[in-house]
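Following is a predicted model, sequence given first.
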Amino acid sequence: MNRGRGVRKRTAPEKSNALETCDEEICVEVHHLFNKVRGYVPPTGGEWKLPDPSVVLCYPHASHPRLQALKQSLNEVKNQLSDKDLSVWHQHTCFTNRAGTVTAHLRSTTNAELCTQAWAKFYEILGTFKLLPDNALKSGELNSIHLCEAPGAFISALNHFLKTSGLHCDWSWIANTLNPYYEANGRGCTITDDRLITHTLPWWFFGSDNTGDIMLQKHLLELPRFVSNMRCVDLVTADGSFDCQGDPGEQERLVAPLQYCEAVCALLLLGTGGSFVLKMFTLFEHSSVCLLYLLACCFRSVNVFKPGTSKSGNSELYIVCLDYQAKEQIRPLLSKLIRNYGPDLSTTVALFPRHCIPDSFLSQHEEICTFFHALQVNTIQENLKLFVEMSVEQRRRLEQLREYAAEFYTKRFNVHYLPRKSWVCRGGVARWVKHCERKQMGSFNQRKEMELQRWKQRLAQGNYGALIEKHLAGTEGCEIVLSGPLDECDLGTWFALEGAALPKVCSSTFCDQEMLDFLNEALEENLRVKAVNHSDRAVPICNSCRTDSPVSILSEICSHPDVTSCLVLRCQSWCDGTLEGVKFQPEFLQGPSCCELQDSTLHDGQPDFQLELLNAVLYALQNQRLGSALVIPLCSALTRFTSGLVFTLHLCFRYITFRSLSGWPHAALVCMGFSPPSVLPRLLDFLRDVMENMKKVKLELGRQVLQFVPLEELLRGELPRFLSSFNTAVIRQQLHVLMQVEYST
């Protein structure tokens, strides 16, 4: 073994030889893998025409017997997977996936940025279709809009394509997605991977309410203004979906309203000659028939494409529409669609009545559905057989197919190496990357059974059971220190960001998402039981946990040789005990009450609490002495607003840590060594402006100040890890106590 150099990477000539020496049967199969496409062709001598707007959204949905038979057939095959453990089945299908090694191959050979399966799929679309309009390339200006785009793989794939294909043009892009930083967006429909978003925030459209929900009519109307600097929109992509694991057989129906909104948005924004790429799932429902007929009437070419890099056993399809021709003709119909735009656009009535869909279109559509239905069913059935038994020869052949497919992809789509300096994010990915995608465990049947269990049972059986049951040792937070003060701070970039008021805190960039889900469910149950029993009983304290008392924390601070004074934001009767043997007594300042947040899923997102907390911190910073300490009892720091206050303290103190407490709140921030920055006067003026802004916004129904420190600041350095540690400790302690509560019924 060569211990010094390791495994030698194969060179380009060897890869080329591997392609040339592969047996013909494998070559044919891989060619078929990357050629799964069918198109709609208008009949000779006539053309498909847009129905009159008067019949739009007026008739009930129709049923198409042949398509429904295909749906039933497919679901019968899918039902055979209901008893399969999802993680085991996923591992199996990853191996049987012919294109399963493409992304790994691309990462190692082409240095592709954000190289995910979505990246590979869109690059394949770019390499298969003439997606970029000629007039855009000739003018040297290309403008693209990417809907439901998180984490940004389509953007990075298009950048790679443009930079390595010799297409010299001035490219501008805008993207939209459900805002991963808006705390009321749940993880079931939000992609939390923000590696590209963090570095490109000005190019992301989240709308006036900061949610990023493209299914809101006001956002549809705001988006044209957001992209008004673009001469013409040449390309729109829409890669949206929902988590349909709870009802996979109805994925197409569940996602249909989103697809309607994406399509209406594209038809509104695109210029003549533009292209549109839309992700859909099977095409059996009348809603899909109508939407595809609409697109076939608006574009010169409409194709249904299953990328080779899209797992063959899933229902995912991409609709690739080229050369937008109906910009003027569609205006009356589009006006009606915009008036009825929203999440119910396709759920109550059909876009078009059945009699407006020509038989020539419907027959082509049925043939296309039959083709892709057969591909999916065959793949699932093959995977089921191989799951039971896979011979050595079958495994060897699959490995050959996967190797050949990866090299074939690179050659077929002409994927070249791109240096990091040409990436969208030239500096690379952010230091703080929070991965908290939902992990589906067990079989579909087991997950359905789990849904019937209470949160306590699911928590005890899950990954966090042992951690939550364990009593606090009294050391939580002692070793976690946020060192400061910060040297850099550009107050010129700070501003108060308003948006939709938070009904609850469903997610946070600064905590473990699954633990937060459990806590919200536990608090909701606690509130329901209290309402039924007409009880105001507070959540009890766990007497077996070792936690710090307010007296012990203050005694430790006041005995520190470098601390000359201490200011405490008082919460209820916080620290009624006496301090003996210390060189000075701390000063108590009335702080915000955490009591009303004790049973609330709003956590630290309550506007009145935030206003009181800001007011108290502002007073503390104005009256702090050099080298002094500050103690803030805090229920959580899940929101961008509260995290911004912690960042503000980070600017002003030598170090910050936290201590776990008994009772409520469950923790206290301990800020040591006040060291005022040179920008303190400007910082205090800014905080006063934010406070006045909050008072004004408070008078507006449904609005709230969500953030005042730029996300770029909140996500850099050690602050995110500190906040995550703090919130995890707090949530863990709350769950620990709530697990021990027994309710009488």
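The structure has been received and is ready for your questions. Numbers count the residues shown, from 1 in each chain.

The closest residue to Cys94 other than its chain neighbours: neighbouring residues, count only.
Taking C-beta to C-beta, 6 or more residues apart in numbering as the measure, Cys94 lies nearest to Gly100, with 5.3 Å between them; neighbours along the chain are not counted. C-beta coordinates here come from the backbone N, C-alpha and C atoms, glycine included. Gly100: 19 surrounding residues under other C-beta atoms under 10 Å.

Now do the strand ranked longest in the chain, average pLDDT.
If each strand of the chain is counted by residues according to DSSP state E, the longest one is strand 270-281. Averaged over strand 270-281, pLDDT sits at 97.

With stretch 306-313 instead?
Per-region confidence: stretch 306-313 scores 97 on mean pLDDT.

again with stretch 349-357
The average pLDDT within stretch 349-357 is 95.

Centre of the chain to that stretch, how far?
Distance, stretch centre to chain centre, for stretch 349-357: 34 Å (C-alpha atoms, centre = their mean, to the nearest Å).

cool, stretch 241-249 as well?
Relative to its parent chain, stretch 241-249 has a centroid offset of 16 Å by C-alpha atoms, centre = their mean.

Mind checking the pLDDT average for that stretch?
Taken as a whole, stretch 241-249 has an average pLDDT of 77.

Tyr655 is in contact with Gly484, isn't it?
Yes - using C-beta atoms under 8 Å, Tyr655 is in contact with Gly484, at 6.2 Å.

Compare these two and say which is more crowded by neighbours.
For Tyr655 and Gly484, the more surrounded residue by other C-beta under 10 Å is Gly484, and the numbers stand at 23 against 14.

Can you give me the distance of the closest residue in space to that one that isn't next to it in sequence to Ser660?
Taking C-beta to C-beta, 6+ apart as the measure, Gly484 lies nearest to His650, with 4.9 Å between them; neighbours along the chain are not counted. According to C-beta to C-beta, to the nearest Å, His650 and Ser660 sit 20 Å apart.

One more: Thr103?
Relative to Ser660, and taking C-beta to C-beta, Thr103 is found at 42 Å.

So between these two, which is more surrounded?
When neighbours are counted by other C-beta under 10 Å, Ser660 comes out ahead of the other of Thr103 and Ser660, with 23 against 20.

Which positions are bridged to that one in the beta structure?
Note on Ser660: beta-bridge partners by DSSP bridges are Ala667.

isn't it right next to Gly477, touching?
Yes - with contact defined as C-beta under 8 Å, Ser660 and Gly477 form a contacting pair (5.9 Å).

Now do the shared contacts for the two.
Common neighbours of Ser660 and Gly477 (criterion: C-beta atoms under 8 Å, 6 or more residues apart in numbering): Ala667, Ala729.

so what's the backbone phi/psi at Leu86?
Taking degrees, to the nearest 10, you get phi -60, psi -40 for the backbone angles of Leu86.

list the contacts for Ile319?
Contacts were defined as C-beta under 8 Å, 6+ apart; by that measure Ile319 touches Phe276, Val277, Leu278, Lys279, Met280, Leu292, Leu295, Val302, Asn303, Val304, Phe305.

which residues of the stretch 401-550 of the chain fall in helices?
If you assign secondary structure with DSSP state H, counting those that start in this stretch, the helices in the stretch 401-550 of the chain sit at 444-451, 455-461, 465-469, 513-533, 550-558.

hey, where'd the helices end up in the stretch 101-250 of the chain?
102-110, 117-128, 134-139, 153-164, 217-226.

got those as TSV, with distance to Val705 columns?
Converted to TSV, the helices of the stretch 101-250 of the chain look like this (distance: least, C-beta to C-beta, whole Å):
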stretch	distance to Val705
helix 102-110	41
helix 117-128	34
helix 134-139	40
helix 153-164	30
helix 217-226	19
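
of all those, which lies closest to His31?
Ranking these by their distance to His31 (criterion: C-beta to C-beta) puts helix 117-128 first, at 12.7 Å.
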